[in-house]
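1. coordinates only, sequence not included:
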């Protein structure tokens, strides 16, 4: 222990100052988010595919993300070149993102998505597989 009176007075003051600083909220990592299909199966033909963006830490849906990349193809059935157009359509539920597409045949289709989450850096990317049936 030091005999310097200034050092002895300063130590408790610094400790008090450090303890009075409010704790900052834990920052999320982009890996804390994932997309999941609302339904695993869709009908062949014109269909709407709904996905949910989830915060894995809380299990809650994440509203207001900006989906800027989307692709739908049959890569799971070794036909990646069999792709179809995907159009985002409005959703009435927060955290649910809906996409209109035409599934031309039965089989497994891969929906690839990329999105920006408000207030986070980085991009959420996911590849979801759904089954198309008649």
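-> Arrived safely, thanks for sending. For clarity, every value in this text was computed on a predicted model and none was experimentally measured.
2. can we go C-alpha only for contacts and neighbour counts from here?
-> OK.
3. what stretches of this protein score poorly on pLDDT?
-> Within the chain, the segments meeting pLDDT under 70 span 1-28.
4. again, only using 90
-> 1-30 (pLDDT under 90).
5. So which residues of this protein form strands?
-> Assigned by DSSP state E, the chain shows strands spanning 33-37, 41-43, 45-55, 60-61, 66-74, 79-84, 86-89, 96-103, 107-116, 124-133.
6. Neighbouring strands of the second one in the sheet, and parallel or not?
-> Strand 41-43 pairs in its sheet with strand 124-133 (parallel), by DSSP bridges.
7. Return the set of buried residues in the partner strand.
-> 124-127, 129-132 (16 or more other C-alpha atoms under 10 Å).
8. Could you export those to CSV, including columns for distance to residue 71?
-> Formatted as CSV, the buried residues of strand 124-133 follow (distance: C-alpha to C-alpha, whole Å):
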residue, distance to residue 71
124, 14
125, 12
126, 11
127, 9
129, 12
130, 13
131, 15
132, 16
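9. Count the neighbours of residue 73 for me.
-> Neighbour count of residue 73, defined by other C-alpha atoms under 10 Å: 22.
10. any idea how far residue 93 is from it?
-> 26 Å (C-alpha to C-alpha, to the nearest Å).
11. List the contacts of stretch 103-110.
-> Stretch 103-110 is contacted by residues 43-47, 71-77, 84, 127-134 when judged by C-alpha atoms under 8 Å, 6 or more residues apart in numbering.
12. What does the closest residue to residue 63 other than its chain neighbours show for phi and psi?
-> Distances taken as C-alpha to C-alpha, 6 or more residues apart in numbering put residue 95 closest to residue 63, at 4.0 Å, once the chain neighbours are dropped. Dihedral angles of residue 95 (phi, psi; degrees, to the nearest 10) stand at phi 90, psi 0.
13. Right, I'll call it a day here.
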